[in-house]
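>>> I'd like to go over a predicted model; first the sequence, then the structure.
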Amino acid sequence: MLTWSKNQLSFIGCDADYTSADIVVFGAPFDATTSYRSGTRDASRVMRGESFSIETYSPYQNKDLEDYAVFDGGDLDLPFGNPSAALDRIQKTISSVFADQKRPLMIGGEHLVTLAGVRAAVERYPDLKVIQFDAHADLRDCYMGEKLSHATVMRRCTEILQPDSLFQFGIRSGDRSEWTWGQEHVWCCPFNFSRLDDILPLLAGKPVYLTIDLDVLDPSAFPGTGTPEAGGVNFDQLLQALIKTFQLSVVACDLTELAPGLDPSGIATAAALKVLRELILAWSNEKLHDDL
């Protein structure tokens, strides 16, 4: 069993002890490869402090965090300048959460941290499928000469997944080579979630990793992110897509790319917190999927 550091503050409604918890939330404060504006390493810390501005009850789902056992493990201690070492530490943490029959929910950090989550999940579920909500394809083979980057993360994921196992939604940015490569190797619904219903039967009974890059939201609803892209979805569209996705057998998920310091208004942090609450509540009706 993992040994977690003592937290002075937990996300609202996430104060169960580790032994009794079903869902384990933790922060991965890493943004060493951010290509435009940095600051995502502060996301989980700021979100904890601001989480008491929202309620534990969701009127969207008629469910309350207080009715479920969720543990907040705090932030991992990650080496800032070493992406490989940081990914290894995250992967070991998530593998340990799986071994304890619990569900990991990681708060980034930049999107590169997802690679560690997918690595750990593939070890346990070799036929893993990945659903990505994002503004950016993140399918470059390398970025500025680097293979490990938040701009290459989903390309790295495809290298360890079985063919045709990545499903992208909301994508509205990427260079020509990414779009060309993606058309041959990735199932993609650009700009929105209009084809989400199409994949639900395809993925029924399969283990799914859900990664939500919060810049899938339009910058008007989510200004606090490193690379904002106009033309995104609104909060309600994201919420409905999230709830639908949890009809599937989601085994792990993450939220990435909130940079709270880039939004002094606090709008982005408030949006991220509601996404986190709704994600936990949508997931909390599900059972562990160790029979997959």
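Cool, got the structure. Residues are numbered from 1 along each chain as shown.
>>> quick check: closest non-adjacent residue to residue 78.
Nearest residue to residue 78, sequence neighbours excluded (Cβ to Cβ, 6 or more residues apart in numbering): residue 86, at 4.4 Å. Bear in mind the C-beta positions are built from the backbone N, C-alpha and C, glycine included.
>>> now swap in residue 213 and tell me
residue 134 (4.0 Å).
>>> what about that neighbour, distance to residue 27?
Counting by Cβ to Cβ, to the nearest Å, the gap from residue 134 to residue 27 is 20 Å.
>>> try residue 59
Noted for residue 59: a distance of 27 Å to residue 27, by Cβ to Cβ.
>>> and what of residue 175?
Distance from residue 175 to residue 27, by Cβ to Cβ: 31 Å.
>>> okay, now the unreliable bits of the stretch 101-250 of the chain?
Applying pLDDT under 70 to the stretch 101-250 of the chain picks out no residues at all.
>>> per-residue confidence at the residue nearest the centre of the chain?
Residue closest to the average C-alpha location in the chain (Cα atoms, centre = their mean): residue 254, at 2.1 Å. Taken from the predicted model, the pLDDT recorded for residue 254 is 98.
>>> can you classify it as helix, strand or coil?
Of the three states, residue 254 takes strand under DSSP: H, G, I helix; E, B strand; the rest coil.
>>> residue boundaries of the helices in the stretch 101-250 of the chain?
For the stretch 101-250 of the chain, the helices defined by DSSP state H, counting those that start in this stretch occupy 113-124, 153-158, 176-185, 196-203, 235-245.
>>> put together TSV for the ones you listed, with distance to residue 38 and mean neighbour count on each row.
TSV is the format used below for the helices of the stretch 101-250 of the chain (distance: least, Cβ to Cβ, whole Å; neighbours: other Cβ atoms under 10 Å):
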stretch	distance to residue 38	mean neighbour count
helix 113-124	14	24
helix 153-158	16	24
helix 176-185	22	14
helix 196-203	31	13
helix 235-245	24	18
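>>> turn the ones you listed into JSON lines, including distance to residue 12.
Listed next are those as JSON lines, based on distance: least, Cβ to Cβ, whole Å:
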{"stretch": "helix 113-124", "distance to residue 12": "23"}
{"stretch": "helix 153-158", "distance to residue 12": "29"}
{"stretch": "helix 176-185", "distance to residue 12": "38"}
{"stretch": "helix 196-203", "distance to residue 12": "29"}
{"stretch": "helix 235-245", "distance to residue 12": "18"}
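>>> out of those, which comes closest to residue 35?
Of all the helices of the stretch 101-250 of the chain, helix 153-158 sits nearest to residue 35, with 11.6 Å by Cβ to Cβ.
>>> distance between that closest one and the chain's centre?
In this view, helix 153-158 has its centroid 14 Å away from the chain centroid, taken as Cα atoms, centre = their mean, to the nearest Å.
>>> also stretch 13-27?
For stretch 13-27, the distance to the chain centre is 17 Å (Cα atoms, centre = their mean).
>>> what about that stretch, start to end distance?
In stretch 13-27, first residue to last residue: 16 Å (Cα to Cα, to the nearest Å).
>>> which positions in that stretch come out as buried?
Within stretch 13-27, the residues that qualify as buried are 13-16, 18, 21-27, counting by 16 or more other Cβ atoms under 10 Å.
>>> CA atoms only for the helix or strand hosting residue 90, dumped as PDB, please.
When secondary structure is defined by DSSP states H and E, residue 90 falls within helix 83-99. What follows is the C-alpha trace of helix 83-99 in PDB, where atoms were taken according to Å, rounded to 0.1, in the frame of the first residue of the first chain:
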ATOM      1  CA  PRO A  83      10.500  14.500 -17.600                       C
ATOM      2  CA  SER A  84      11.500  10.800 -17.700                       C
ATOM      3  CA  ALA A  85      12.000  10.700 -13.900                       C
ATOM      4  CA  ALA A  86       8.700  12.500 -13.300                       C
ATOM      5  CA  LEU A  87       6.800  10.100 -15.500                       C
ATOM      6  CA  ASP A  88       8.400   7.100 -13.800                       C
ATOM      7  CA  ARG A  89       7.300   8.400 -10.400                       C
ATOM      8  CA  ILE A  90       3.800   9.100 -11.600                       C
ATOM      9  CA  GLN A  91       3.500   5.700 -13.200                       C
ATOM     10  CA  LYS A  92       4.600   3.900 -10.000                       C
ATOM     11  CA  THR A  93       2.100   5.800  -8.000                       C
ATOM     12  CA  ILE A  94      -0.800   4.900 -10.400                       C
ATOM     13  CA  SER A  95       0.300   1.300 -10.600                       C
ATOM     14  CA  SER A  96       0.200   1.100  -6.800                       C
ATOM     15  CA  VAL A  97      -3.300   2.600  -6.700                       C
ATOM     16  CA  PHE A  98      -4.400  -0.100  -9.200                       C
ATOM     17  CA  ALA A  99      -2.800  -2.800  -7.100                       C
END
